[in-house]
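>>> Next come a sequence and a model predicted from it.
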Amino acid sequence: MSVGRDFEAVFGAPPQAQAQAPGRVNLLGEHTDYNEGFVLPIAIAQCTRVGLRRNGLARCRLHAQALRQTVEFTLAAAPAAHFATYVFGCLVEAGEAGFDIPPLDIHVASDVPMGVGLSSSAALEVATLRALCALLDLPLDDVQIARLGQRAEVRHAGVRCGLMDQMASSLAGTDRALLLDTRSLARREVPLPPHSAILVLDSGEPRTLAASGYNERRAQCEQAAQLLGVNSLRDVPDAEIAQGLPDPLRQRVRHVLTENARVLQAADCANPQDFGALMNASHASLRDDYAVSTPAVDRLVSLLQAHPDVYGARLTGAGFGGACVALCRDGAPTAIARAVLAGYAASGGAGRVLVPPMAAGA
Ligand code: GLA
């Protein structure tokens, strides 16, 4: 069913505005964005679609197609349903930015996998804000939309995230990665290495500690920056300077600095082998220095890395479970997924294909 017809089936009238935004997979540059570093995400084909209509009532009504659930709220109090806090946050932030937000009927449909590290929340935020711009003719550009989406997540969903996911959802395409300097917001498109393709597998491990672990890592980076007398870890010229820091701050700093260097190298890689080696090094750093991997994710990444048609693989997103991304030989992802998931199942794991979407269930 189209969003328009589904909207009408729920609310009895068609939407007055619709918009969509994609999820993303981060190829390199993990836990660098809140340290003013470099990231290299790419959009995925799966999208979130939002339809809106002024409802003339005193409250907003929000329907989530996937949950078959409608919640009502005003902008004065956050809704109890977690999924609704992202939309509520966007409306509140747009209101605080000076725009008059009327009570709305809101319909959300999405095929972005949730809770695995592919930014379903950023896709929801960006799609909501785009639809709001379309309905109310708001003069917000793509970067302003990303910033408002990030504020919604930080202030209303309780995750002190950086700007990568919202920038990727707002600005990245599916055929080229977005090299982004999260300090200056300077950016350029980076093609995938020749003859390569992306495969994303879900480890099946729920990211239960993601929010608390994420905020803790961020606090450790801030503490390290303070001890080193800099505003952010971007200002630390090399890891030697962090030698005197106590554990685990020294390791956290080493990850951030080496990861920034890997992103810049990857952006200029002429071949998939070198790019893949940087992804493998990123995983080792996230596992050993940043401590955001899990045994199940490590197993899945090792299986991917051992496959002859895989150039490199790593966990993607915040970590603590969730998805792994691999750079593969072009044309090979479906066969790789089948072989790797069989090996993973043999070790007790229950994984699935997330990207490319047509390989789902392979
Ligand atoms: C989450 C956050 C991002 C980023 C990544 C880790 O996706 O939303 O801002 O910090 O984790 O790289």
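On my side now, so go ahead.

>>> residue ranges with poor pLDDT in the stretch 151-300 of the chain?
The stretch 151-300 of the chain contains residues with pLDDT under 70 at 209-210.

>>> any chance you could map the strands in it?
176-181, 187-191, 196-202 (DSSP state E, counting those that start in this stretch).

>>> Out of these, which is the most enclosed?
Comparing those by mean neighbour count (mean count of other C-beta atoms under 10 Å), strand 196-202 comes out on top with a mean of 24. Placement of C-beta: from N, CA and C, glycine included.

>>> ok, and does the biggest strand by length in the chain reach over to the ligand?
Scanning the chain for the strand with the most residues, using DSSP state E, yields strand 38-54. No: contact of strand 38-54 with the ligand (C-beta under 6 Å from any ligand atom) is absent, the minimum separation being 6.9 Å.

>>> Residue numbers of the protein in contact with the ligand?
By C-beta under 6 Å from any ligand atom, the part of the chain that sits against the ligand consists of 30-31, 33-34, 161-162, 164-165, 317-318.

>>> Try it again at 5 Å.
Taking C-beta under 5 Å from any ligand atom as the criterion, the neighbours of the ligand within the chain are 30-31, 33, 161-162, 164-165, 317-318.

>>> one step back: what about the strands of the stretch 151-300 of the chain, which gets the closest to residue 356?
Proximity to residue 356, assessed across the strands of the stretch 151-300 of the chain by C-beta to C-beta, is greatest for strand 196-202 (7.5 Å).

>>> before we move on, back to that, name the helices or strands packed onto the longest strand of the chain?
Packing contacts for strand 38-54, counted by 3 or more C-beta pairs under 8 Å, 6 or more residues apart in numbering; DSSP states H and E, involve helix 3-11, strand 17-28, strand 104-110, helix 120-136, helix 164-171, strand 176-181, helix 249-267, strand 352-355.

>>> redo that, cut-off 6 Å
Secondary-structure packing of strand 38-54 (3 or more C-beta pairs under 6 Å, 6 or more residues apart in numbering; DSSP states H and E): helix 3-11, strand 17-28, strand 104-110, helix 120-136, strand 176-181, helix 249-267.

>>> Not counting sequence-adjacent ones, nearest residue to the residue nearest to the spatial centre of the chain?
The residue at the geometric middle of the chain, judged as the C-alpha nearest the mean C-alpha position with C-alpha atoms, centre = their mean, is residue 119 (3.1 Å). Once flanking residues are discounted, residue 119 sits nearest to residue 165: 4.1 Å by C-beta to C-beta, 6 or more residues apart in numbering.

>>> Please tell me I have it right and the one you found contacts residue 122.
Yes: at 3.6 Å, residue 165 and residue 122 qualify as touching, with contact defined as C-beta atoms under 6 Å.

>>> Which pLDDT does the model give residue 1?
pLDDT, residue 1: 51.

>>> buried set for the strand or helix carrying residue 341?
Under the criterion of DSSP states H and E, residue 341 resides in helix 333-346. Of the residues in helix 333-346, those buried under the neighbour-count criterion (16 or more other C-beta atoms under 10 Å) are 333-334, 336-337, 339-341, 343-344.

>>> Can you name the residues in contact with that helix?
Residues from elsewhere that reach helix 333-346 (C-beta atoms under 6 Å, 6 or more residues apart in numbering): 197, 199, 300, 303-304, 307, 309, 328, 351, 353, 359, 362.

>>> what's the angle between that helix and strand 196-202?
30 degrees (axes from the mean of the first three to the mean of the last three C-alpha atoms, to 10 degrees).

>>> Using CSV, write out the CA atom coordinates for helix 333-346.
What follows is helix 333-346 as a C-alpha-only set of coordinates in CSV (Å, rounded to 0.1, in the frame of the first residue of the first chain):
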residue,chain,number,x,y,z
PRO,A,333,27.7,-10.3,-1.9
THR,A,334,24.8,-12.8,-2.2
ALA,A,335,27.2,-15.8,-2.4
ILE,A,336,29.4,-14.4,0.4
ALA,A,337,26.3,-13.8,2.6
ARG,A,338,25.1,-17.4,2.1
ALA,A,339,28.5,-18.9,3.0
VAL,A,340,29.3,-16.6,5.9
LEU,A,341,25.8,-16.8,7.5
ALA,A,342,26.0,-20.6,7.3
GLY,A,343,29.3,-20.5,9.1
TYR,A,344,27.9,-18.1,11.7
ALA,A,345,24.9,-20.4,12.2
ALA,A,346,27.2,-23.3,12.8
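
>>> I'd like the buried residues of helix 333-346 laid out as CSV, including pLDDT and distance to residue 323.
Below are the buried residues of helix 333-346 laid out as CSV (pLDDT from 0 to 100; distance: C-beta to C-beta, whole Å):
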residue, pLDDT, distance to residue 323
333, 96, 14
334, 96, 17
336, 98, 15
337, 98, 13
339, 98, 18
340, 98, 13
341, 98, 13
343, 98, 17
344, 98, 13
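
>>> quick one on the thing from earlier: roughly how far out does the longest strand of the chain sit from the chain middle?
Per C-alpha atoms, centre = their mean, to the nearest Å, the displacement of strand 38-54 from the mean C-alpha position of its chain is 10 Å.

>>> now do stretch 317-329
Averaging C-alpha coordinates over stretch 317-329 and over its chain gives two centres that are 11 Å apart (C-alpha atoms, centre = their mean).
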